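Engineer: Just need the structure, nothing else, for what follows:
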Amino acid sequence: MEFHVITLFPAMLNALDTGLIGRARERGLFTINGHDLRRHGLGKYRQVDDTPYGGGCGMVMRTEPIASAIEAVEASRPGLLKILMTPSGERLSQPLVRELAEARPGLMLIAGRYEGIDDRVRSLIDREISIGDYVLSGGELAAMVLIEAVVRLLPGVLGNPESLAEESFATAGMLEYPQYTRPEEFRGQRVPQVLLSGDHEKIRAWREEESRKRTARRHAGPIGLAGSRQDR
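Structural biologist: Down below sits the predicted model:
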């Protein structure tokens with residue numbers, strides 16, 4: 001599977017060269033290509049942003065450089081699903097990650113910067129995705145979150161494919177149950193006795209119930225909105 005990221009800072013993608021994801025990349029299970037947006041900038045200084053119409057603080061990314069970058073990537077690799085990382089997009093979830101993992105030949109991710117992106121860029125992309133209601137300095141981290149989530153579902157990436165079925169949100173959108181390892185007691189906190197019982201059916205039932213409880217607790221309150229910049 002291929003990932004193409006249009007960004008002002010391609011070097012940030014090197015963070016994906018570590019751990020499980022880095023090993024999968026070395027084995028050729030997927031590729032990441034960073035495309036420097038500055039190369040498509042305008043004029044002598046390769047300008048990619050400008051002041052917003054109507055006034056306001058900060059700068060807005062221009063349409064022309066982004067359109068040029070998208071078209072250049074498409075010319076060399078047609079058929080990519082084009083995704084704009086933006087807080088106004090649909091929320092990234094495990095079902096959505098599974099859907100994106102089936103996209104072939106891969107994904108083109110547009111990572112914004114500054115105070116936002118000219119709204120006309122939306123006519124050039126296929127989907128808009130957000131990783132949450134908060135403000136980041138740019139869309140690179142959001143793009144990397146999406147890439148890691150998708151890569152973990154690719155065949156051959158995980159040593160034990162069964163672990164996918166037990167992870168958070170893998171089934172019914174439930175959070176993962178509490179996990180414990182040695183020692184049995186730490187500063188007065190003991191491992192639940194059921195996990196030491198050896199009764200696999202009781203353990204399964206306990207984990208299922210704890211997963212339900214944790215999900216109910218974490219998702220009980222309203223989700224607050226924070227920030228509206230188009231940089232995720």
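Engineer: Tell me the helix or strand right after the least confident helix or strand in the chain by mean pLDDT.
Structural biologist: Least confident helix or strand, the chain: helix 162-166 with a mean of 61, by mean pLDDT, DSSP states H and E. Counting by DSSP states H and E, the next helix or strand C-terminal to helix 162-166 is strand 185-186.
Engineer: Adjacent strands (with direction) for that next one?
Structural biologist: strand 189-190 (antiparallel) (DSSP bridges).
Engineer: Report the distance from the strand it pairs with to the chain centre.
Structural biologist: 35 Å (C-alpha atoms, centre = their mean, to the nearest Å).
Engineer: which residues touch the following helix or strand past it?
Structural biologist: Sequence order places helix 200-218 as the next helix or strand after strand 189-190, per DSSP H and E. The contact list for helix 200-218 (C-beta atoms under 8 Å, 6 or more residues apart in numbering) reads 173-178, 192, 194-195, 197. C-beta: built from backbone N, CA, C; applies to glycine.
Engineer: cutoff 6 Å now
Structural biologist: 174-175, 177-178, 194 (C-beta atoms under 6 Å, 6 or more residues apart in numbering).
Engineer: So if we follow the domain assignment, how does the chain break up?
Structural biologist: Under the assignment automatic domain parsing, the domains of the chain span 2-151, 174-218.
Engineer: for the shortest one, what is the average pLDDT?
Structural biologist: Right, the one you point to is domain 174-218. Domain 174-218 carries an average pLDDT of 94.
Engineer: Same check on stretch 39-59?
Structural biologist: The pLDDT scores in stretch 39-59 average 95.
Engineer: And that stretch, what's buried?
Structural biologist: The neighbour-count check on stretch 39-59 (16 or more other C-beta atoms under 10 Å) flags 40-41, 48-49, 59 as buried.
Engineer: Tell me where the protein has strands.
Structural biologist: 2-7, 31-36, 49-50, 60-61, 81-91, 106-111, 127-130, 185-186, 189-190 (DSSP state E).
Engineer: Nearest residue to the middle of the chain?
Structural biologist: Central residue of the chain (C-alpha atoms, centre = their mean): residue 146, 2.0 Å from the mean position.
Engineer: Without its sequence neighbours, what residue ends up closest to that one?
Structural biologist: Computed as C-beta to C-beta, 6 or more residues apart in numbering, the closest residue to residue 146 that is not its neighbour in sequence is residue 92, at 6.2 Å.
Engineer: In this protein, which residue sits furthest out from the middle?
Structural biologist: Within the chain, the residue lying farthest from the chain centre (C-alpha atoms, centre = their mean) is residue 197, at 38.4 Å.
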